[in-house]
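Engineer: Okay, predicted coordinates and the sequence, questions at the end:
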Amino acid sequence: MTSTQIVTLVAITLYFIAMIIVGIIASRKETHQDFIIGNRDVGYIPTIGSLASSFRDGMGIIFWFGFGVAAGYGGLWLFVGAMLGLIVYTYIGPSVRKIAKTNNYVTIGEMLRVRYGVITERTTALIIVFFALMMIAVQLFVAGNVFSAILGISAWVGIALVAAVVAFYLYFGGYGTVIKTDVIQFFLIISLIMTPLFFTPSKEAVMNFSSISSLGFESSMGLALIGFFYMLSGAETWQRVFSARNDNVIRYSFPIAGVFLIIMTLSLIFLGMASAPFMGDAIGADNAFYEIFKGDFVPSALLAFIAVVVMAICMSTLDTQCYLVASTLGKNFMPEHITGTRESYVRFSQIVIVLILAGMSAIALTISDVIVFAINAASLLFVLAPVYLYAAFNYPKTKNRKTDALVSIGVALNTIFYIYMFIGGAFENLLMVSAPAFCSIILTSIAIYMGQKDNSVRISST
């Protein structure tokens with residue numbers, strides 16, 4: 001084992017130990033309400049850190065480093081849409097937070113149950129669970145392959161280690177520990193912006209701002225739409241609304257998180273730009289990141305730091321998505337006698353978290369192209385954005401079975417449309433990735449309009 005490998009392994013081990021200690025300390029101090037939704041008292045910095053770090057996932061590491069190597073700033077169009085999505089939350093978030101607090105909602109699905117009905121709740125929840133599970137597998141895949149690249153061992157060893165550490169602190173701390181560890185991970189991730197001081201990209205590459213248009217109009221707009229719909233369709237983002245301390249936390253923390261997310265992304269692009277001259281022509285953008293751990297062109301200490309940040313990035317998304325799946329299953333599918341009390345909900349979540357991480361570790365070993373895998377999974381999630389937004393704006397105003405059934409049918413049809421596009425390879429065109437979302441806007445609007453013609457029960461907005 002080389003000195004670089006030893007330093008990197010020690011750094012990752014120390015980080016894992018730190019996360020375990022945080023989980024133990026947090027679990028001793030928190031209440032059941034902290035476990036469930038952070039006691040609905042999450043402030044500015046934790047919200048900013050948790051939002052930004054949870055959206056910078058393992059796939060993003062590969063994606064943005066690859067852009068730095070091959071396409072410069074072209075991918076930043078994604079954040080034009082993402083920032084617009086975050087700004088939407090600043091307008092609708094405060095009223096949604098009030099409703100969630102009054103009715104003790106933990107998941108967005110519970111709000112859909114009240115606004116539409118149980119069929120819509122469970123139809124959308126199935127999509128949330130599917131997407132979250134796929135994202136968990138992606139994070140484990142990236143973390144495992146970084147271990148493999150660093151130490152020359154099988155990827156499953158790294159996957160198992162990361163899964164075990166996340167399972168430990170989530171088991172004892174739940175949502176409260178997700179927030180606490182995400183803040184630590186946020187500062188680690190944001191510090192990556194300092195890497196150009198030690199491993200400097202060429203001035204020509206950094207100043208080549210013309211690369212912002214390198215993808216062409218169609219792909220650039222496609223990325224912007226992906227960013228917009230991804231922000232609005234993320235159930236975990238709505239949970240950040242539910243857990244916010246007050247309205248101002250939402251109004252200010254959400255757009256600020258977007259700014260920090262851009263900074264995090266630039267750090268990965270700069271790292272890719274600096275590494276580009278050392279990459280062979282045969283190395284593709286989708287696997288270029290792993291090559292920095294196989295060569296000797298990055299200083300050992302910096303490489304160890306990058307490896308720790310990669311673990312932080314993967315684990316911040318892992319814990320968020322794990323808790324999301326557990327809370328969705330517990331609140332949107334399980335009968336009252338299983339998760340009706342705080343104690344029973346906590347116990348159910350602990351068991352589910354362990355099972356999720358074990359199952360997705362096996363799935364992670366089957367992934368081949370992580371970028372295609374993640375983008376294709378995300379495009380299915382987009383069909384939920386219109387359903388969420390109508391609920392946030394208090395539509396439909398009245399509740400009946402017809403509206404519930406029609407909205408659910410609309411979601412199902414959009415899912416079929418997504419599958420048809422996926423099989424046909426339509427998502428190779430980035431502009432087409434948002435097609436299911438636009439179809440969902442039309443079908444959801446029609447379903448709500450048609451459903452409101454019947455005799456219905458008026459829904460309270462509080």
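Structural biologist: On my side now, so go ahead. Residues are numbered from 1 along each chain as shown.

Engineer: Quick one: neighbours of the nearest residue to Met315 once chain neighbours are set aside, just the number.
Structural biologist: In space, not counting the residues next to it along the chain, Met315 is nearest to Val166; the distance is 5.6 Å by C-beta to C-beta, 6 or more residues apart in numbering. Heads up, the C-betas are built off the backbone N, CA and C, glycines and all. With neighbours defined by other C-beta atoms under 10 Å, the count for Val166 comes to 29.

Engineer: Quick check: next helix or strand after the helix or strand where Val166 lies?
Structural biologist: Here Val166, judged by DSSP states H and E, is contained in helix 155-190. Sequence order places helix 203-206 as the next helix or strand after helix 155-190, per DSSP H and E.

Engineer: Can you name every helix or strand that that following helix contacts?
Structural biologist: Counting contacts by 3 or more C-beta pairs under 8 Å, 6 or more residues apart in numbering; DSSP states H and E, the secondary-structure elements packed against helix 203-206 are helix 247-275.

Engineer: Show me which positions of the helix it packs on end up buried.
Structural biologist: Using 16 or more other C-beta atoms under 10 Å as the burial criterion, the residues of helix 247-275 that qualify are 249-251, 253-254, 256-258, 260-262, 264-275.

Engineer: Taking helix 155-190 as reference, get the angle to it.
Structural biologist: Using axes from the mean of the first three to the mean of the last three C-alpha atoms, to 10 degrees, one finds that helix 247-275 and helix 155-190 are set 110 degrees apart in direction.

Engineer: Output the following helix or strand past helix 247-275 in CSV with nothing but the alpha carbons.
Structural biologist: If you walk from helix 247-275 toward the C-terminus, the next helix or strand you reach (DSSP H and E) is helix 288-291. Below are the C-alpha coordinates for helix 288-291, written out as CSV (Å, rounded to 0.1, in the frame of the first residue of the first chain):
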residue,chain,number,x,y,z
ALA,A,288,-12.8,10.5,-15.4
PHE,A,289,-13.3,11.3,-11.7
TYR,A,290,-12.0,7.9,-10.6
GLU,A,291,-8.8,8.4,-12.5
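
Engineer: other SSEs contacting helix 288-291?
Structural biologist: helix 58-70, helix 118-151, helix 247-275.

Engineer: Ranked by average pLDDT, which of those falls at the bottom?
Structural biologist: Ranked by mean pLDDT, these end with helix 58-70 in last place, scoring a mean of 80.

Engineer: So which elements touch that one?
Structural biologist: Contacting helix 58-70 under the criterion 3+ C-beta pairs under 8 Å, 6+ apart are the following elements: helix 118-151, helix 247-275, helix 288-291, helix 300-332, helix 370-381.

Engineer: among the ones you listed, which is nearest Ser445?
Structural biologist: With C-beta to C-beta as the criterion, Ser445 lies closest to helix 118-151 of these, at 14.5 Å.

Engineer: surely Met360 meets Leu140?
Structural biologist: Yes. Using C-beta atoms under 8 Å, Met360 makes contact with Leu140 at a distance of 6.0 Å.

Engineer: Between these two, which has more neighbouring residues?
Structural biologist: Set Met360 next to Leu140 and count neighbours by other C-beta under 10 Å: Leu140 wins out with 30 against 26.

Engineer: ok so, going back, isn't the residue nearest to Met315 right next to Leu357, touching?
Structural biologist: Yes. Contact criterion C-beta under 8 Å: Val166 and Leu357 qualify, at 6.3 Å.

Engineer: shared neighbours of these two, anything?
Structural biologist: Taking C-beta atoms under 8 Å, 6 or more residues apart in numbering as the contact criterion, the residues that touch both Val166 and Leu357 are Leu318, Cys322.

Engineer: Show me the shaky parts of the chain.
Structural biologist: Segments of the chain classed as low confidence (criterion: pLDDT under 70) are 1, 26-39, 54, 173-182, 280-286, 340, 368-376, 454-462.

Engineer: who touches the residue positioned nearest the centre of it in this structure?
Structural biologist: Computing the C-alpha centroid of the chain and ranking residues by C-alpha atoms, centre = their mean puts Phe55 first, at 4.4 Å. Each residue near Phe55 by C-beta under 8 Å, 6+ apart is listed here: Ala82, Gly234, Ala257, Leu261, Thr317.

Engineer: now for those, which pair is the farthest apart?
Structural biologist: By the measure C-beta to C-beta, Ala82 and Thr317 form the most distant pair in the contacts of Phe55, at 15.3 Å.

Engineer: Could you check how far Thr90 is from Leu84?
Structural biologist: Distance of Thr90 to Leu84, given as C-beta to C-beta, to the nearest Å: 11 Å.

Engineer: Also Val411?
Structural biologist: Using C-beta to C-beta, Val411 is found at 23 Å from Leu84.

Engineer: Which one of those two is surrounded by more residues?
Structural biologist: Higher neighbour count among Val411 and Leu84: Val411, with 24 against 16, using other C-beta under 10 Å.

Engineer: Output the strand or helix carrying Cys439 as PDB, restricted to C-alpha atoms.
Structural biologist: Here Cys439 is covered by helix 435-451, with elements defined by DSSP H and E. Listed next in PDB are the C-alpha coordinates belonging to helix 435-451 (Å, rounded to 0.1, in the frame of the first residue of the first chain):
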ATOM      1  CA  ALA A 435     -41.700  16.000 -21.300                       C
ATOM      2  CA  PRO A 436     -43.300  13.900 -18.600                       C
ATOM      3  CA  ALA A 437     -43.500  17.000 -16.300                       C
ATOM      4  CA  PHE A 438     -45.300  19.100 -19.000                       C
ATOM      5  CA  CYS A 439     -47.700  16.200 -19.700                       C
ATOM      6  CA  SER A 440     -48.400  16.000 -15.900                       C
ATOM      7  CA  ILE A 441     -49.200  19.700 -15.800                       C
ATOM      8  CA  ILE A 442     -51.900  19.200 -18.400                       C
ATOM      9  CA  LEU A 443     -53.400  16.000 -17.000                       C
ATOM     10  CA  THR A 444     -53.400  17.300 -13.400                       C
ATOM     11  CA  SER A 445     -55.100  20.500 -14.400                       C
ATOM     12  CA  ILE A 446     -57.800  18.600 -16.300                       C
ATOM     13  CA  ALA A 447     -58.300  16.200 -13.500                       C
ATOM     14  CA  ILE A 448     -58.800  18.900 -10.900                       C
ATOM     15  CA  TYR A 449     -61.100  20.900 -13.200                       C
ATOM     16  CA  MET A 450     -63.300  17.800 -13.900                       C
ATOM     17  CA  GLY A 451     -63.300  16.600 -10.400                       C
END
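
Engineer: Other residues contacting it?
Structural biologist: With C-beta under 8 Å, 6+ apart as the test, helix 435-451 has contacts from 225, 229, 233, 379-380, 382-387, 390, 395-396, 400, 402-407, 409-411, 413-414, 417-418, 421, 426.
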